[in-house]
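Student: fold the following for me, if possible:
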Amino acid sequence: MTDKPYNANSMVAAEFEALLAAAVDAICVIDETGSIMELNAAGERLFGYSRDELRGENVSRLMPEPDRSRHDGYIRHFLTSGERRIIGLGREVRGQRRDGSTFPLHLSVGETPESLKHRRFVGIMRDLTEQKKVEAEARQVQDRLAHVARFSVMGEMAAGLAHEVNQPLSAIVTYAQAGKRLLTGAREVPDDLTEVCEKISEQAQRAGQVIKNLRSFVTKQEVRKDILDMNRTVAEIKTLIDADARAEGILVTLVDEDDLPPVLGDAVQLQQVVVNLTRNAVDAMKRGLRKEEGIEIRTFSRDGKVHLTVTDQGYGVPPQLADSIFHPFVTTKGEGLGVGLAISRTIVLAHGGELSYRPNPAGGSIFGFWLPAHEAQTNE
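Tutor: Residues are numbered from 1 along each chain as shown. I've put the predicted structure just below:
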């Protein structure tokens, strides 16, 4: 242990002090016993201690249990075995502030050369609290989009079922009425049988009206429309988009046009469309050889319309599916249901726009949609 600054009188130490002071991340230097030798200003702010308070103290003081009790063993294991569990690798751990509160942080550790008489370890720590908060908010957005997607799927299914069920109901009505007419001209027909035919017809007509009302609800439900900035609407889900793409080693670039006109729409529904298009792009590229080309999301305005395109470098859409790719249950994915694009198209149409596809000349696909600019709508 030492209560003196780390080589305070040397030129190297002065340069090191300047580095410590300039660093945004917390930096802590410990010796081979785990005793703290230096802590920079960012570390003081992060943990709530002054470095004078911590010099000579075991670094485990900055950790919650169980790491606090195990840390000295970690150091001994490394010094005797040379096995690197964190040095040069980095990982997420938890830190503990002076007030006892704990928080997530990313820790990277480096070591001085073994040739030096006294071995030292340098830890660089970054507070992940805000990042975790953003990720949690992104998950909440994802949950909201999934909720909207479930209702959209239900709507598509209800519309299809209504169409299919309505036909046999109409046939039941027709047959019941025909049976009633035949019974009317027959002799010695029980009154109960005539009454049964009437009830069959009445109940079939009642069921048909229920189906009619259901179809009307599904196809004519109003979209909540607010004045939206599409650049901001997309930026709000960029973290969610990046998380999906980064997991596959794919970079997503957002190219915003300045002074983009506003649109009228439901932000959550439009975000669902963008997320669906980008996830399709990620799926198309994750097994390819051109991941470094990345995915581009671009916004621009033209002729009173606000456009958004998602360009990928994936395997593209087979020519035989190009004309039906937006139909329900049509998919290029082996494990997909083929409802995502159909739902997206329904959402865009409900906003007065159009969803489209075209091949990427460089290979891959370009999916996009346009919406009427709000300025154009108000001037009509």
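
Student: residue ranges with poor pLDDT in the stretch 1-150 of the chain?
Tutor: Scanning the stretch 1-150 of the chain for pLDDT under 70 picks out 1-13, 114-116, 143-150.

Student: quick one: the helices in it?
Tutor: 11-22, 41-47, 51-54, 67-81, 129-184 (DSSP state H, counting those that start in this stretch).

Student: so what secondary structure elements neighbour the fourth one?
Tutor: Pointing back at helix 67-81 there. Packing partners of helix 67-81 (3 or more CB pairs under 8 Å, 6 or more residues apart in numbering; DSSP states H and E): strand 91-96. C-beta here means a position set from N, CA and C on the backbone, and glycine is covered the same way.

Student: ok, and what's touching the strand it packs on?
Tutor: Contacts with strand 91-96, where a contact means CB atoms under 8 Å, 6 or more residues apart in numbering, come from 46-47, 61-64, 67-68, 102-107, 125, 127-128.

Student: so which of these sit within strands?
Tutor: 102-107, 125, 127 (DSSP state E).

Student: now Arg51, nearest residue through space, not along the chain?
Tutor: Among residues not flanking Arg51 along the chain, Leu39 sits closest, at 4.0 Å (CB to CB, 6 or more residues apart in numbering).

Student: if I look at His106, how far off is Val275?
Tutor: According to CB to CB, to the nearest Å, His106 stands 27 Å off from Val275.

Student: now do Ser324
Tutor: 23 Å.

Student: more crowded one of those two?
Tutor: Val275 (22 against 12; other CB atoms under 10 Å).

Student: what sits against that one?
Tutor: By CB under 8 Å, 6+ apart, the contact set of Val275 is 142, 145, 237, 240-241.

Student: quick check: it is in a strand.
Tutor: No. Val275: not assigned to a strand; according to DSSP: H, G, I helix; E, B strand; the rest coil it is helix.

Student: any idea how far the residue lying closest to Gly43 once chain neighbours are set aside lies from Pro372?
Tutor: Here the nearest residue to Gly43 in space, its sequence neighbours aside, is Ala26; by CB to CB, 6+ apart that works out to 3.6 Å. Counting by CB to CB, the separation of Ala26 from Pro372 is 50 Å.

Student: with Ser170 instead?
Tutor: 38 Å.

Student: who's more crowded, these two?
Tutor: Comparing Ser170 with Pro372 by other CB under 10 Å, the one with more neighbours is Pro372, at 18 against 14.

Student: beta partners of that one?
Tutor: Beta-bridge partners for Pro372, by DSSP bridges, are Lys305.

Student: what's the burial count for the residue nearest to Gly43?
Tutor: With other CB under 10 Å as criterion, Ala26 counts 24.

Student: ranges for the helices of the stretch 151-300 of the chain?
Tutor: For the stretch 151-300 of the chain, the helices defined by DSSP H, counting those that start in this stretch cover 191-220, 230-235, 238-246, 267-285.
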